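A.B. asks: with the sequence up front, the predicted model follows.
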2 protein chains.
Amino acid sequence: MTEFELISRLIPWLHTNPTVVAGAGDDCAILDLGMLDGLLLLKTDAIVEGVHFTREAGPDKIGHKALARCLSDVAAMAGTPSHALVTIGLPKDFDPAFVEAIYVGLNRLAKRYDVAVAGGETTLNPERIFISVSVLGKVARGKYVLRSGAKPCDAIFVTGELGGSLSGKHLEFEPRVAEGRWLAEHFAIHSMIDVSDGLAGDLRHLLGTRELGAELLASAIPISRAARNKSKGIRIDAGDGVLSAHAAGSKPALLAALTDGEDFELLFTVASQDAVTLLDAWRRHFPELRLSCIGKILSEPGVFLKDKEGVRSLVAHGYVHFA
Amino acid sequence: MTEFELISRLIPWLHTNPTVVAGAGDDCAILDLGMLDGLLLLKTDAIVEGVHFTREAGPDKIGHKALARCLSDVAAMAGTPSHALVTIGLPKDFDPAFVEAIYVGLNRLAKRYDVAVAGGETTLNPERIFISVSVLGKVARGKYVLRSGAKPCDAIFVTGELGGSLSGKHLEFEPRVAEGRWLAEHFAIHSMIDVSDGLAGDLRHLLGTRELGAELLASAIPISRAARNKSKGIRIDAGDGVLSAHAAGSKPALLAALTDGEDFELLFTVASQDAVTLLDAWRRHFPELRLSCIGKILSEPGVFLKDKEGVRSLVAHGYVHFA
């Protein structure tokens, strides 16, 4: 059983109350606690040594990643993060200087986004460092964006470039907080998610269990330089379309962009008639950050990839933690 | 370095902002997000297999404990919990039925306190189950109670009975949410904490770095039946006052009550002139739950234990996770 199957089995019977606007199954929980100016966002996430990082990454980048993942989830709701708590599980013989440097990296990012690090806990996790971060944020009423609002014919957009994150970006990425908020302030964003499990996987999360599909344009997928570099020398066997070289776990750059995961870019949809206006406004407002229109939402289930040879069904899934 | 030393080294330089009323170093963070009717409480805590529980405990009790610890912290601020998120680290070969049953136990407690389980994450923690819970709560403005408000001559109270929690209570305890709130509504509670590290240790947390001390009355410490049963057959060597029997890790019942930890009772102080009124009102309102006045706050540092033989300095510390 994968984590996704487990979660979808649990969600239906977990206790809820009328203050929960959106709960399990979105990037953050949205809570209405009677604030005049907005709704609360609450998110928790964890990174684990040997799974999401190794100590060789350097402690400050580990701390950065632990917080940045949660900030990315707040960004995907078009929210503004405000507070964080950190619970860290440590082996008995932990190195205080290393742990302090984890907090230095985390705190540097927190300061930049004015996120108060308001507490936390330490505990024993004998074999590996385990960092669980909770983040609280705010979003204006009526301005939050769910995963689930995609409509047929919507244009699909993604920020930045995808693939190859493990060669470095996953430890240093900038959460797209300003971008997410700007999008919701200026356009009717129908659905949004941050790309953590890979474009292909997160696109499926966006479509959810609804009778919707998506068609991606292969030439429009923004492939990162890291994914291109990593794939050099990889060729596709002309005969059966299967990879001819698996050296060093490499894959073709396009496949990497579709499935690598940990990109922490924003994937969102808007009505197709807004697409050009949005692209124009984006380029004026965020000239440094690429925005790509990569396809459209279909009214039939299935994810398809269109290239010069035709339309193929996309079977590659995103990264599944317990696969 | 212990976790307490690590945390106290980190706290001074962590980023904060004006919305943080109380941050790291108390049972919960208190945040002012502009709600008309109160302040927010935010808490995160984790329990780890082999450290805080074993699988033999049964999954529903493990889930209960994971959430109850956070609710106990909300209780210690005189707050009301409202939402929880659960992040769970699991070995690769996790048993879905076992994990689901953890959520059953957690959800049962959540339902009883109307705490919405609004999401969470699962991740890989190869060697052991790691459950991190975040809880959001509310407290009326001016009604929250900090750890740090004790005054000289305050009477020291503790709810319930202490010691021997590991024989069962630590998996089944009821967080003192109604009690904490009632106390703050009806009395000027100067300081409060939940007893998780042992009475002796948490009393020191209450005194903090301030120039205060405490004198406990040995005969007033409410010793649990579990602590008494466990200590049967233990005698103190008359010669040098050192334990004569260490069989099965046992200790004298009084020492167990002072140092075992995981009691999750409320330890609080009020002005001595309020002590009798409070005890009377408590007995009418909570006839089932013992409340004991166990000593007083001193204006000089040090923790002392008074018994029929005199006043002794109490050197026994609470449980220190990385000792």
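C.D. replies: Perfect, I can see it now.
A.B. asks: residue ranges of each domain in chain A, please.
C.D. replies: Domains of chain A are assigned by automatic domain parsing as A:3-139, A:155-313.
A.B. asks: do the last one and chain B meet at all?
C.D. replies: No. Shown here: domain A:155-313 not in contact with chain B (C-beta under 8 Å from any C-beta of the partner chain), separated by at least 10.4 Å. Heads up, the C-betas are built off the backbone N, CA and C, glycines and all.
A.B. asks: low-confidence stretches in chain A?
C.D. replies: Judged against pLDDT under 70, the low-scoring parts of chain A cover residues A:233-250, A:316-323.
A.B. asks: can you give me the strands in it?
C.D. replies: Under the criterion DSSP state E, strands of chain A are mapped to A:20-22, A:29-31, A:39-48, A:80-90, A:116-124, A:130-139, A:155-159, A:189-194, A:213-217, A:266-270, A:291-298, A:302-307, A:310-313.
A.B. asks: how about those strands in TSV, adding mean neighbour count and distance to residue B:294?
C.D. replies: Converted to TSV, the strands of chain A look like this (neighbours: other C-beta atoms under 10 Å in any protein chain shown; distance: least, C-beta to C-beta, whole Å):
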stretch	mean neighbour count	distance to residue B:294
strand A:20-22	19	41
strand A:29-31	25	39
strand A:39-48	26	37
strand A:80-90	26	31
strand A:116-124	24	27
strand A:130-139	27	34
strand A:155-159	24	59
strand A:189-194	25	51
strand A:213-217	20	65
strand A:266-270	26	56
strand A:291-298	20	64
strand A:302-307	17	65
strand A:310-313	10	70
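A.B. asks: can I get the ones you listed in TSV including distance to residue B:20?
C.D. replies: Shown next, in TSV, are the strands of chain A (distance: least, C-beta to C-beta, whole Å):
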stretch	distance to residue B:20
strand A:20-22	25
strand A:29-31	19
strand A:39-48	15
strand A:80-90	7
strand A:116-124	5
strand A:130-139	11
strand A:155-159	31
strand A:189-194	26
strand A:213-217	42
strand A:266-270	29
strand A:291-298	35
strand A:302-307	44
strand A:310-313	51
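A.B. asks: those strands: which one's closest to residue B:301?
C.D. replies: strand A:116-124 (25.5 Å; C-beta to C-beta).
A.B. asks: who does that closest one touch, helix- and strand-wise?
C.D. replies: Judged by 3 or more C-beta pairs under 8 Å, 6 or more residues apart in numbering or on different chains; DSSP states H and E, the packing partners of strand A:116-124 are strand A:80-90, helix A:96-112, helix B:3-10, strand B:29-31, strand B:39-48.
A.B. asks: of all the ones you listed, which one is nearest residue B:302?
C.D. replies: helix B:3-10 (18.3 Å).
A.B. asks: which strands and helices sit next to the closest one?
C.D. replies: helix A:96-112, strand A:116-124.
A.B. asks: of all the helices and strands packed on strand A:116-124, which lies closest to residue A:122?
C.D. replies: helix B:3-10 (4.1 Å).
A.B. asks: go through the closest one and flag the buried ones.
C.D. replies: Residues B:3, B:4, B:6, B:7, B:10 are the ones in helix B:3-10 that count as buried (16 or more other C-beta atoms under 10 Å in any protein chain shown).
A.B. asks: residue contacts, residue A:166?
C.D. replies: If a contact means C-beta atoms under 8 Å, 6 or more residues apart in numbering or on different chains, then residue A:166 has A:260, A:262 as its contacts.
A.B. asks: repeat that for residue A:65.
C.D. replies: Contacts for residue A:65 (C-beta under 8 Å, 6+ apart) come out as A:47, A:52, A:53, A:57, A:170, A:171, A:173.
A.B. asks: now the fifth one. Nearest residue, chain neighbours left out?
C.D. replies: Right, the one you point to is residue A:170. With C-beta to C-beta, 6 or more residues apart in numbering or on different chains as the criterion, residue A:170 has its nearest non-adjacent residue at 4.1 Å, and that residue is residue A:262.
A.B. asks: what about the one you found, neighbour count?
C.D. replies: Residues lying near residue A:262 (other C-beta atoms under 10 Å in any protein chain shown) number 20.
A.B. asks: surely it touches residue A:169?
C.D. replies: Yes. If you go by C-beta atoms under 8 Å, residue A:262 and residue A:169 touch, sitting 7.4 Å apart.
A.B. asks: how far away is residue A:44 from chain B?
C.D. replies: From residue A:44 across to chain B, the span is 4 Å (C-beta to the nearest C-beta, to the nearest Å).
A.B. asks: brain fart, residue A:223
C.D. replies: For residue A:223, the distance to chain B - C-beta to the nearest C-beta - is 28 Å.
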